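**Q** A predicted structure for the sequence below; I have some questions about it.
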Amino acid sequence: MGGEFEHIIDQIGAFGRGQLGIFMILTVADFITAWIMMIPIFIGSTGTWLCPIASTNFSNYSEPETSPVTFIMSAANTTNNSSVFTRDTCTADNDICPGITYTQTYTTVVTEWNLICSLDYLSDLITSVQMAGVMVGALIIGQLGDTFGRKKPWFAVLALNSVVGFANAFSVSWYMYAIFRFFNGVCAGGLLVLNFMWPIEFVGAAWRPLCGALSFWSFGVMALSLLAYFLRSWRHLVIATSLLPLPLLLTWWYLPESPRWLALQGRMEEAEEVLCLVAKRNGKPPPDVSGLKRFVEEENVKKEGLQKYSYWDLFRTPMYIKYTLVLMYSWFSAAAVYYGLSLNVKNLPGDRYINNFLQGVFEFPIVLSTIPCNKVGGRKKTLFGFTMLAGLCCLSVLAIDVAGKLEELSLLATVFSMLGKAFMSAAWVSISLLTGELFPTVVRNIAGGATSVVGRIGAIVAPQFVYLGKLSKPLPFIAFGSLAISAAFLGLLLTETKNKPLPDNLPPWDKKTYRLCFKHSSQENGTIDVQSQETVASSV
């Protein structure tokens, strides 16, 4: 159906006002995913604290050069006496000191529940819990998107995220907070899959790179910095980022279901209605869908029953096994490097609001450059180039640290870190494009969900890479650089998809692969005639 559908898309306009409206609304949802994923930078940061020691005579005290002791003059008497405090220290048994005082002008979950000293790992652990939710969401909602269409799951997830996020602002313990962050992560995982897959099914092949690259994620990151700057309470920030997306629910009456998905489900009248609607919005006449109807009718005649696809179908042939494994590793590397560098912004020199805002500023033009790169050079070369640059930036920070110049060249190290994140974000565009273009329509959302699940494992471990920096600063950058460079070379094994029509149906099962996966239950799974009258329908 790929060629037939591409021909119809050309008739209604490959990318006109109709597709632009759909694309812009779905892209606005990138604000939501950016806020969910990046908000731990602000609500999970530690800040600084003071522990009182005793009152002493300031004039008779000599502070050692390496001492963490800070003098703060007593408001009652500023002549001789002062209260002596230690900054960012714990008791001898790594517990929290009595009388602790936080000095920053904002509140976080760390200051709310004293997640420091022996509990200092919990903030990063909760971020990993959130990322685990993203993995679960990508897995489950990716499957729901192929079963029930793109529209209904997208709006359901949108509403659920606002409800869960609002409730999270009233958490009474870090346990409760962590549970809500998990479900916010589930919503983010679903939106990440659907936000990418849904719009590309309305546009022509030449415009798919635009849909993959022109994202509002960077603007969401910058907007989050502004919200966090003005809303210094973590509870207020969570409420704002949960309720602001609610107006998107009003777009239900504007956004149509994917015509590709409708056609593949045999709902031809609905698919034709959607195509005619897009054509009308583009100022084009209704398309001739007779060829598409004939093709779908022929396919329906061949089928002996309704075939249900699952994750096993990603391993039908050696070619699809290669695609699946390489893309899984690419997603893992991209997520680990991107989120690791993003979350590490709290450890960079300078103001955290400015640093996070600049991350978005750096990222947007570099990601935008993937549009001409993907059009001219293709997906593979673009993926290789940006992933390699991301790895080299990480290794540059490592080189600065090994040379003992990290303090002296802190600004340069910060720039390399931000560039590495931006380059990996650009590489992720090509990874997502290849995932959407290499797999057929019948399993496209499943493929997006499966690869995204593995990517989310990378996101889960990313906060732990950042935490390892407390033990040794070079460790995170060794991991990030190695992952990026190895992923760059593995990506060369993929097939170029530039200007090729999207495939719609899977080839028959490879006999060796089938025996390996289903040697004990071949009769149980059944067979369906798709191309050679012997295509095996898998079920899990």
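**A** Yep, that arrived.
**Q** so which residue is dead centre in this structure?
**A** residue 192 (6.1 Å; C-alpha atoms, centre = their mean).
**Q** helix or strand for that residue, which one?
**A** helix 174-200 (DSSP states H and E).
**Q** tell me which other helices or strands that helix touches.
**A** helix 17-28, helix 30-38, helix 109-113, helix 122-148, helix 151-168, helix 208-213, helix 410-438, helix 441-468 (3 or more C-beta pairs under 8 Å, 6 or more residues apart in numbering; DSSP states H and E). Backbone N, C-alpha and C define where each C-beta goes, glycine included.
**Q** how about those, which one is nearest residue 260?
**A** Within the helices and strands packed on helix 174-200, the stretch nearest residue 260 is helix 441-468; the backing value is 5.2 Å (C-beta to C-beta).
**Q** next secondary structure element downstream of that closest one?
**A** Taking DSSP H and E, what comes next after helix 441-468 is helix 474-490.
**Q** keeping just the C-alphas, turn that next one into PDB.
**A** The C-alpha atoms that make up helix 474-490 are tabulated as PDB, following Å, rounded to 0.1, in the frame of the first residue of the first chain:
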ATOM      1  CA  PRO A 474      35.500  11.600  34.500                       C
ATOM      2  CA  LEU A 475      33.300   8.500  34.900                       C
ATOM      3  CA  PRO A 476      30.100   9.900  33.300                       C
ATOM      4  CA  PHE A 477      31.900  11.300  30.300                       C
ATOM      5  CA  ILE A 478      33.800   8.100  29.700                       C
ATOM      6  CA  ALA A 479      30.500   6.300  29.500                       C
ATOM      7  CA  PHE A 480      28.800   9.000  27.400                       C
ATOM      8  CA  GLY A 481      31.600   9.200  24.900                       C
ATOM      9  CA  SER A 482      32.000   5.400  24.500                       C
ATOM     10  CA  LEU A 483      28.200   4.900  24.000                       C
ATOM     11  CA  ALA A 484      27.900   7.700  21.400                       C
ATOM     12  CA  ILE A 485      30.900   6.600  19.300                       C
ATOM     13  CA  SER A 486      30.000   2.900  19.300                       C
ATOM     14  CA  ALA A 487      26.400   3.800  18.300                       C
ATOM     15  CA  ALA A 488      27.700   6.000  15.400                       C
ATOM     16  CA  PHE A 489      29.500   3.000  13.800                       C
ATOM     17  CA  LEU A 490      26.700   0.500  14.400                       C
END
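**Q** on that earlier part again, among the helices and strands packed on helix 174-200, show the one with the smallest mean pLDDT.
**A** Within those, the stretch with the lowest mean pLDDT is helix 208-213, showing a mean of 68.
**Q** following element in sequence after that one, please.
**A** helix 217-230.
**Q** what is the mean pLDDT for the following helix or strand past that next one?
**A** Using DSSP H and E, the helix or strand that follows helix 217-230 in sequence is helix 234-243. The average pLDDT within helix 234-243 is 95.
**Q** and helix 234-243, what's buried?
**A** For helix 234-243, the neighbour count (16 or more other C-beta atoms under 10 Å) marks 234, 235, 237, 238, 239, 240, 241, 242 as buried.
**Q** ok, stretch 158-176 next?
**A** Buried residues in stretch 158-176 (16+ other C-beta under 10 Å): 158, 160, 161, 162, 164, 165, 166, 167, 168, 169, 171, 174.
**Q** for stretch 425-444, same thing?
**A** Those would be 425-444, for stretch 425-444 by 16+ other C-beta under 10 Å.
**Q** now stretch 385-395
**A** In terms of neighbour count (16+ other C-beta under 10 Å), stretch 385-395 has its buried residues at 385, 386, 387, 388, 389, 390, 391, 392, 393, 394, 395.
**Q** also stretch 90-110?
**A** Buried, per 16+ other C-beta under 10 Å, within stretch 90-110: 90, 96, 97, 100, 102, 106, 107, 108, 109, 110.
**Q** now do the end-to-end distance for that stretch.
**A** Distance between the two ends of stretch 90-110: 15 Å, counting by C-alpha to C-alpha, to the nearest Å.
**Q** which helix or strand lies directly C-terminal to the helix or strand residue 326 falls within?
**A** Using DSSP H and E, residue 326 sits in helix 318-343. Later in the chain than helix 318-343, the nearest helix or strand by DSSP H and E is helix 352-368.
**Q** mean confidence score for that following helix?
**A** Mean predicted confidence for helix 352-368 is 87.
**Q** report the distance from the helix or strand just after that helix to the chain centre.
**A** The helix or strand immediately downstream of helix 352-368 is helix 370-376, counting by DSSP H and E. Relative to the centre of its chain, helix 370-376 is centred 21 Å away, using C-alpha atoms, centre = their mean, to the nearest Å.
**Q** show residues contacting helix 370-376.
**A** Residues from elsewhere that reach helix 370-376, judged by C-beta atoms under 8 Å, 6 or more residues apart in numbering: 206, 209-210, 212-214, 381-382, 385-386, 426, 429-430, 433, 498.
**Q** give the rounded mean pLDDT of the helix or strand just after it.
**A** The C-terminal neighbour of helix 370-376 among helices and strands, as given by DSSP H and E, is helix 379-402. For helix 379-402, mean pLDDT rounds to 91.
**Q** how about stretch 487-498?
**A** 88.
**Q** now do stretch 217-229
**A** For stretch 217-229, mean pLDDT rounds to 92.
**Q** between helix 122-148 and the helix holding residue 192, find me the angle.
**A** 40 degrees (axes from the mean of the first three to the mean of the last three C-alpha atoms, to 10 degrees).
**Q** could you check the angle helix 17-28 makes with helix 174-200?
**A** Going by the same axes, to 10 degrees, helix 174-200 makes 160 degrees with helix 17-28.
**Q** can you pull the buried residues of helix 174-200?
**A** Quick answer for helix 174-200 (16+ other C-beta under 10 Å): 174, 177-200.
**Q** give me the mean pLDDT for it.
**A** On average, helix 174-200 scores 90.
**Q** distance from the chain centre to it, please.
**A** On C-alpha atoms, centre = their mean, the centre of helix 174-200 falls 9 Å from the chain's centre.
**Q** in this structure residue 323 contacts residue 494, no?
**A** Yes. Between residue 323 and residue 494 there is a contact at 6.5 Å, judged by C-beta atoms under 8 Å.
**Q** any residues in contact with both of the two?
**A** Both residue 323 and residue 494 are contacted by residue 438, under the criterion C-beta under 8 Å, 6+ apart.
**Q** please report how far residue 155 lies from residue 263.
**A** Residue 155 sits 21 Å away from residue 263, going by C-beta to C-beta, to the nearest Å.
**Q** residue 381 too?
**A** Distance, residue 381 to residue 263, using C-beta to C-beta: 33 Å.
**Q** more crowded one of the two?
**A** A direct count of neighbours by other C-beta atoms under 10 Å for residue 381 and residue 263 places residue 263 higher, at 27 against 17.
**Q** I figured that one hits residue 292, correct?
**A** Yes. With contacts counted by C-beta under 8 Å, residue 263 reaches residue 292, the gap being 6.4 Å.
**Q** got the contact list for residue 326?
**A** Neighbour list for residue 326: 490, 491, 493, 494 [criterion: C-beta under 8 Å, 6+ apart].
**Q** including neighbour count and distance to residue 417, could those residues go into a markdown table?
**A** Below are these laid out as a markdown table (neighbours: other C-beta atoms under 10 Å; distance: C-beta to C-beta, whole Å):
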| residue | neighbour count | distance to residue 417 |
| --- | --- | --- |
| 490 | 18 | 24 |
| 491 | 25 | 23 |
| 493 | 11 | 29 |
| 494 | 21 | 28 |
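**Q** no further questions, thank you.
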